[in-house]
Every structure is written in structure tokens, then in C-alpha cells.
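Participant: One predicted model, sequence on top.
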Amino acid sequence: MLLELRDLQVFYGDIHALDGISLSVAEGELVSVIGANGAGKSSLLNCLMGVVPAKGGSVTFAGKDISSMPVHGRARSGIRIVPERARVFPRLSVYENLLTGCFGMRNTIDLAGKLSWLYSLFPVLEERKSQLASTLSGGEQQMLAISRALIADPKLLLVDEVSMGLMPMLVDKVFEVLSMLNRDHGLTILLVEQNALASLGISSRSYVLETGRIVLEGPSGRLLEDPRVREAYLGL
Ligand code: ATP
């Protein structure tokens, strides 16, 4: 397993946001965590990234216990996040935003090669490379946030609610890109989503998160057929 969580506990004061989360992601897998508003999806990814501290449990990445590693150490180890609402730097250009993805890296990268690959994935970013990121649409900002994470050659990409606020056509496009990155480039991805249909559609395995606990897990195809998932998350 590339990533293994054991009994993760997260609190905000008295609020018990994650209560004993255990999950794993194998190298090369695309795994999704689906859950409603407030289920704890962002807390899970932020805790994995080291932004939110865990009160208990462990996080193992590439065979190493990283539970007490700070954010920059986790980033250097190859974990990158596409945060909720993209959080691009609005006053920096598209190009400068991409460069921020390389900050703090110790290994050298072929920047020109990486940029041309990213521009081929998202031509709009090349067209707008000199524009301020604030002038991009929501969908373009998500593409920029994904590209900013990819420029650092991550071993594990964490994706937080990438579909939020996007038009259905753009949701399809962004999910297609994630699926392609996994299928054709072997990128390991853990995504958390409210859009159950889209995320079950591209992932091989999924977990269902409800009020801080995993209540169901299994192959995504099986969960798509599960009556509890169909009723609560697919509106069927
Ligand atoms: P959303 O889809 O709304 O982002 P989520 O599934 O990502 O929801 P979280 O944002 O992780 O859920 O929130 C889980 C629980 O923790 C919620 O009850 C939320 O109100 C609470 N929570 C999250 N962040 C904080 C915080 N900084 N301080 C206090 N409570 C918080």
C-alpha cells in the first residue's frame, strides 16, 4: 500500500470530525471517498496533508510513518493536494501559480518539459499564462490547481471536491482528466467528493463517509449498485 491510515481521530475543540478512519490506497489506484456536506471529507485530506493535526491514529506513506511529519515534509515526500475551491493565488499570473508548485522541492525537474505537458493537457492555461489567476473561471482555476500539484511530480494526489461549483460539462472534463492521469500516467489519486456518481464512475474502490466514520467500502461498481448508496447519494 502506498497510503495507509489507521484509526485516525480529528477534533476541532469538542467537535469530533473524524472518528477512527482507516483506509488504504495502493500505488496506481484511484480511490474515492464520498460523503455529504460536513461528513469530514476536507478534514480527512487536510489531516493527511498535515494541515490539521490528528489526535490519534497513524498515517503511513510509502512504508514510512509520517503521522508527526510537518506539511512541507509530506509535500517533499510526494503528497500534493488540490484544495477545495482550488485556492489559486489570485494576484499571481497563471504561470507564476504553476511555479509555486515547485517551491521547496529538493529534486530537480525538467520545468520546460513539465510545462509543455501541462499546457497540452490544459491548452487554456497556456493561452492565459500571463493573466492573473483571478481572471480565470472556476473550472479553469481547478485546472490550474491540478496543474500546480502535478508540476511537482507527486506520488499521491489528494483532490478535494473538485466538482464543487462547476458546470456539469466541466465536471465531466475534470473527471476525465483525473481518470486519464491515473490510467495513462499511473498517478495514484485519492479524491473526496459529494458528487457520488462521478467519483464512483472513475474510481476502482470507494469509501462512504458519514459524520466522521466510514460506513461502507468496496469496489466502486458494487457501491453503485448498493441500495443505501443509490438512495442516499445517487437520489435513485
Ligand atoms: P464540506 O463538503 O462542507 O466541505 P466536509 O465533508 O469536507 O464538508 P469537513 O469540512 O471536514 O466536512 O467538516 C467536518 C466537520 O468538522 C463538520 O461538522 C464541520 O462543521 C467541522 N469543522 C470543519 N472545520 C472546522 C473548524 N476549523 N473548526 C470547527 N469545526 C470544523
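Facilitator: Yes, it's here. What you see is a predicted model, and the numbers here were worked out from it, not measured in a lab.
Participant: which ones are touching residue 166?
Facilitator: 138, 139, 142, 174 (C-beta atoms under 8 Å, 6 or more residues apart in numbering). (Each C-beta comes from the backbone N, C-alpha and C, glycine too.)
Participant: wouldn't the third one be in contact with residue 173 here?
Facilitator: No. No contact is recorded between residue 142 and residue 173 when judged using C-beta atoms under 8 Å, the distance being 9.5 Å.
Participant: So those two - more neighbours on which side?
Facilitator: With neighbours defined as other C-beta atoms under 10 Å, residue 142 and residue 173 compare such that residue 142 has more, 28 against 15.
Participant: before we move on, the earlier item: any chance of the contacts of residue 166 in TSV, plus secondary structure and pLDDT?
Facilitator: Output for those, formatted as TSV (DSSP: H, G, I helix; E, B strand; the rest coil; pLDDT from 0 to 100):
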residue	secondary structure	pLDDT
138	helix	88
139	helix	88
142	helix	92
174	helix	90
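Participant: Now list the buried members of those residues.
Facilitator: Neighbour-count burial (16 or more other C-beta atoms under 10 Å) applied to the contacts of residue 166 gives 139, 142, 174.
Participant: what about the most centrally placed residue in the chain, which helix or strand?
Facilitator: Closest to where the C-alpha atoms of the chain average out (C-alpha atoms, centre = their mean) is residue 159, at 1.4 Å. Element membership of residue 159 [criterion: DSSP states H and E] is strand 156-160.
Participant: Could you spell out the sheet neighbours of that strand, each with its direction?
Facilitator: strand 79-82 (parallel), strand 188-193 (parallel) (DSSP bridges).
Participant: could you give the mean pLDDT of the last one?
Facilitator: Model confidence over strand 188-193 averages 97 on the pLDDT scale.
Participant: Make residue 1 into 29 and carry on from there
Facilitator: Okay, using 29 as the starting number, the last item reads as strand 216-221.
Participant: following it, which helix or strand comes up?
Facilitator: Toward the C-terminus, strand 216-221 is succeeded by helix 224-230 as the next helix or strand (DSSP H and E).
Participant: ok so, going back, kindly state the beta-bridge partners for the residue nearest to the centre of the chain.
Facilitator: Those that pair with residue 187 in a beta bridge, by DSSP bridges, are residue 110, residue 219.
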